[in-house]
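[1] A structural model of the following input is requested.
(chains A, B, C and D)
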2 protein chains.
Amino acid sequence: MPDRDASVETIQRELTAFARRARAAAARMHPELSLVSFTLLAHLEDRGGCRATDLAAHYLLDKSTVSRQIAALERLGLVERRPAPEDQRAQVLHLTPRGAGTLAQVTANRRAAFRERLADWDEADLDRFAGYLLRYNASAGPLD
Amino acid sequence: MPDRDASVETIQRELTAFARRARAAAARMHPELSLVSFTLLAHLEDRGGCRATDLAAHYLLDKSTVSRQIAALERLGLVERRPAPEDQRAQVLHLTPRGAGTLAQVTANRRAAFRERLADWDEADLDRFAGYLLRYNASAGPLD
DNA sequence: AGGTCTGGTTGTATAGTACAACTTAAAGGG
DNA sequence: CCCTTTAAGTTGTACTATACAACCAGACCT
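    You can find the predicted model right below:
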């Protein structure tokens, strides 16, 4: 007996609960890479390198935040900066081999955790759930 | 053509994206109450008052963290402490009228935002999405 | 050339969090 | 009954993530 308001309420409650736990959970799952660092590395891999500004724009972070995150990742030897060919100001950020390795490791752990957690879902439900999440996130303005 | 691995991958990616944005989004939606403060107040309302220790246990936060959060909420006049009848060490935390009012306001804003965002979903999809989120969160151990 | 825009870093401040040390009070075991 | 242990909470300290503002340096546009 679905009821719009009750469903919306549940969605809100459960997403909130999830959000509350997510960072700490990620930190436990891979202590060496925060959720944000992980997504930055993943983005670099995805794009095959990009500028700090692009990361800031994509993730709605201040450029100073990205600057410090990247500095930390560089200190860890996971990211390297290369001069941008056509703009002396800019740097193109790339994963180092070690960064790619760490990312692969963390990605594998996360994947395993999610697979485990969704192990008893049937394929049709997984597919629909994935679709709903995509739809939900897509409906977000960049502002939330 | 659903494919287990692809769906799991999507779920992981979209939940991660959501988690990354959630706190900042909550802060924009209601600057006066962080996501954590909001959930603490909501829990107090839900239970009709409880001890700091209970909040810490429920949300897996350190008791010092809860202590400071509560102190802040008390400073804002949103929460009050009452002596616990049977244990001199403990305090029972309650919403003040003002706390209840603020919570109601924030809850209304959040509800409106979620309704808006889900406005063009049909009822069956909302119901299924809510069910999936419940199932997903329930499958989490308390440890993530 | 001069003014403006863009990429990035650094200074400073704040929030949220944990862990450890401490205080006070309750509980349990001789 | 006292003494040890456990539980509730606070406070000191430290760290991470974050933003905003000030700044520097290179690019771009008349």
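
[2] report the residue spans of chain A with pLDDT below the cut-off.
    A:1-2, A:140-144 (pLDDT under 70).

[3] centre-most residue in it?
    residue A:39 (3.3 Å; C-alpha atoms, centre = their mean).

[4] excluding chain neighbours, what is closest to it?
    In this structure, residue A:39 finds its nearest non-sequential neighbour in residue B:20, 5.9 Å apart by C-beta to C-beta, 6 or more residues apart in numbering or on different chains. Quick note: C-beta positions are derived from backbone N, CA and C, even for glycine.

[5] do the helix or strand hosting that neighbour and DNA strand D meet?
    Secondary structure assigned from DSSP states H and E places residue B:20 in helix B:4-29. Yes. Residues of helix B:4-29 contacting DNA strand D under C-beta under 7 Å from any atom of the strand: residue B:24.

[6] tell me what that helix is packed against?
    Secondary-structure packing of helix B:4-29 (3 or more C-beta pairs under 8 Å, 6 or more residues apart in numbering or on different chains; DSSP states H and E): helix A:4-29, helix A:35-47, helix A:97-117, helix A:123-139, helix B:35-47, helix B:97-117.

[7] between these, which one is nearest to DNA strand C?
    helix B:35-47 (3.7 Å; C-beta to the nearest atom of the strand).

[8] run through the neighbouring helices and strands of that closest one.
    Applying 3+ C-beta pairs under 8 Å, 6+ apart, one finds that helix B:35-47 makes contact with helix A:4-29, helix B:4-29, helix B:52-59, helix B:63-75, strand B:91-95, helix B:97-117.

[9] what residues are up against the nearest residue to residue A:52 once chain neighbours are set aside?
    Nearest residue to residue A:52, sequence neighbours excluded (C-beta to C-beta, 6+ apart): residue A:66, at 4.9 Å. Neighbouring residues of residue A:66 by C-beta atoms under 8 Å, 6 or more residues apart in numbering or on different chains: A:40, A:52-53, A:55-56, A:59.

[10] switch the cut-off to 6 Å
    If you count contacts by C-beta atoms under 6 Å, 6 or more residues apart in numbering or on different chains, residue A:66 has them with A:52, A:55-56.

[11] same question, residue A:87
    Shown in contact with residue A:87 (C-beta under 6 Å, 6+ apart): no residues.

[12] what bridges to it?
    In this entry, residue A:87 is beta-bridged to residue A:84, by DSSP bridges.

[13] relative to DNA strand D, how far out is it?
    Going from residue A:87 to DNA strand D by C-beta to the nearest atom of the strand, to the nearest Å gives 5 Å.

[14] distance between stretch A:44-56 and the chain's centre?
    Relative to its parent chain, stretch A:44-56 has a centroid offset of 13 Å by C-alpha atoms, centre = their mean, to the nearest Å.

[15] same check, this time on stretch A:126-135
    Its chain's C-alpha centre and that of stretch A:126-135 lie 17 Å apart, by C-alpha atoms, centre = their mean.

[16] tabulate the CA atom coordinates of stretch A:60-67 in PDB.
    In PDB, the C-alpha atoms belonging to stretch A:60-67 read as follows (Å, rounded to 0.1, in the frame of the first residue of the first chain):
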ATOM      1  CA  LEU A  60      32.400  21.600  -5.500                       C
ATOM      2  CA  LEU A  61      35.400  22.000  -3.300                       C
ATOM      3  CA  ASP A  62      37.400  25.100  -2.700                       C
ATOM      4  CA  LYS A  63      40.600  25.200  -4.700                       C
ATOM      5  CA  SER A  64      42.600  25.600  -1.500                       C
ATOM      6  CA  THR A  65      41.100  22.400  -0.200                       C
ATOM      7  CA  VAL A  66      42.000  20.600  -3.400                       C
ATOM      8  CA  SER A  67      45.400  22.100  -3.300                       C
END
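
[17] mind listing what's buried in it?
    For stretch A:60-67, burial by neighbour count (16 or more other C-beta atoms under 10 Å in any protein chain shown) applies to A:61, A:66.

[18] one more: stretch A:130-137?
    For stretch A:130-137, by 16+ other C-beta under 10 Å, it's A:130-133, A:136.

[19] next, format those residues as CSV and append distance to residue B:34.
    Formatted as CSV, these follow (distance: C-beta to C-beta, whole Å):
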residue, distance to residue B:34
A:130, 30
A:131, 31
A:132, 27
A:133, 24
A:136, 22
